[in-house]
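In: Below is the sequence, then the predicted model.
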Amino acid sequence: GAGVSQTPSNKVTEKGKYVELRCDPISGHTALYWYRQSLGQGPEFLIYFQGTGAADDSGLPNDRFFAVRPEGSVSTLKIQRTERGDSAVYLCASSLRGTSSYNEQFFGPGTRLTVL
Amino acid sequence: AQSVTQPDIHITVSEGASLELRCNYSYGATPYLFWYVQSPGQGLQLLLKYFSGDTLVQGIKGFEAEFKRSQSSFNLRKPSVHWSDAAEYFCAVGPSGAGSYQLTFGKGTKLSVIP
């Protein structure tokens, strides 16, 4: 079956601009996660959705970052007033349920964001 | 707080040689442990996981890992490396128990394979 998909695969923007990154999880997966992977680092947790609601947004670095999942499927990560330090690969993952890390997280290929 | 250390940033091995990638974790109880592989342009793929029971776990692509509680380690091994194994490998820890889902990743080890 289809895995997690993310669009665009690459995004180049200018400092100060607004960007949206999209994630399509595996069908039927209720839990969705966003991670950020900076150069030379492992993925870092940003936010977790269970269904439509953000159950945990403790990893969002500041209020310029926001994510939605209005229908409990597709999610969009939104970044306002982008800064050069936001440049990274943004990874999305989904799992059948999210009640425990026991539930395997399946990752998408990521969106590489470059802020000039 | 949980943390993961992968001491080796880059490892080069010859094709056919054995491989061991090191991973040390910090967590207050017995964690859930994972190894993921990331090839260029690809998402993270789960190689294997440890939740409980037998401390030697088998994964896909001929990989195995051993959980050693006394050393807080979960090293990944493969007896004979193939050129297609060249990729970046990430160890991750997840809290055990319900309501805990955040994975914490190490910084990764890049594996290069010499033909």
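Out: Cool, the structure landed.
In: Which of the residues in stretch B:4-16 are classified as buried?
Out: B:4, B:6, B:11, B:13 (16 or more other CB atoms under 10 Å in any protein chain shown). Any C-beta I mention is one placed from the backbone N, CA and C, and that applies to glycine too.
In: first to last residue in it, what's the distance?
Out: Taking CA to CA, to the nearest Å as the measure, stretch B:4-16 stretches 28 Å from start to finish.
In: Mind checking the pLDDT average for that stretch?
Out: Across stretch B:4-16, the average pLDDT comes to 97.
In: and that stretch, how far from the chain's centre?
Out: Taking CA atoms, centre = their mean, to the nearest Å, one finds stretch B:4-16 lying 11 Å from the centre of the chain it belongs to.
In: Spell out which two among the buried residues of stretch B:4-16 are the most distant pair, please.
Out: Greatest spatial distance in the buried residues of stretch B:4-16: B:V4 and B:V13, 22.0 Å, computed using CB to CB.
In: centroid residue for chain B?
Out: Geometric centre of chain B, nearest residue: B:W35, 3.2 Å, by CA atoms, centre = their mean.
In: List the contacts of that residue.
Out: Applying CB atoms under 8 Å, 6 or more residues apart in numbering or on different chains to B:W35 gives the contacts B:21, B:23, B:46-49, B:59, B:63, B:65, B:74, B:76, B:89-92.
In: Give me the nearest residue to it, chain neighbours excluded.
Out: Of all residues not flanking B:W35 in the chain, B:L47 sits nearest, at 4.5 Å (CB to CB, 6 or more residues apart in numbering or on different chains).
In: Figure out the helix or strand that the one you found lives in.
Out: Assigned by DSSP states H and E, B:L47 falls within strand B:44-50.
In: Counting by contacts, list what that strand packs against.
Out: If you count contacts as 3 or more CB pairs under 8 Å, 6 or more residues apart in numbering or on different chains; DSSP states H and E, strand B:44-50 packs onto strand A:106-107, strand B:32-38, strand B:56-58, strand B:64-68, strand B:73-78.
In: Quick one: check the shortest one for contact with chain B.
Out: Yes - contact between strand A:106-107 and chain B, assessed by CB under 8 Å from any CB of the partner chain, occurs at A:106-107.
In: next helix or strand past that strand?
Out: Counting by DSSP H and E, the next helix or strand C-terminal to strand A:106-107 is strand A:111-115.
In: what about the closest residue to chain A within chain B, neighbour count?
Out: For chain B and chain A, the shortest gap (CB to the nearest CB) falls at B:G94, measuring 2.7 Å. By other CB atoms under 10 Å in any protein chain shown, 23 other residues sit near B:G94.
In: Flag every residue of chain A that's near chain B.
Out: Going by CB under 8 Å from any CB, the residues of chain A near chain B are A:3-4, A:31, A:33, A:40-45, A:48, A:56, A:59, A:91, A:93, A:95, A:98-110.
In: what's the closest of the helices and strands packed on strand B:44-50 to A:T114?
Out: Closest approach to A:T114 among those (CB to CB): strand B:32-38, 18.8 Å.
In: And that closest one, what's buried?
Out: Residues B:32-38 are the ones in strand B:32-38 that count as buried (16+ other CB under 10 Å).
In: ditto for stretch B:59-66
Out: Of all the residues in stretch B:59-66, those buried under the rule 16+ other CB under 10 Å are B:59, B:63-66.
In: again with stretch A:109-116
Out: Under the neighbour-count criterion of 16+ other CB under 10 Å, stretch A:109-116 has A:109-113, A:115 buried.
In: and of those, the nearest to A:T13?
Out: Nearest member of the buried residues of stretch A:109-116 to A:T13, counting by CB to CB, is A:V115, at 5.7 Å.
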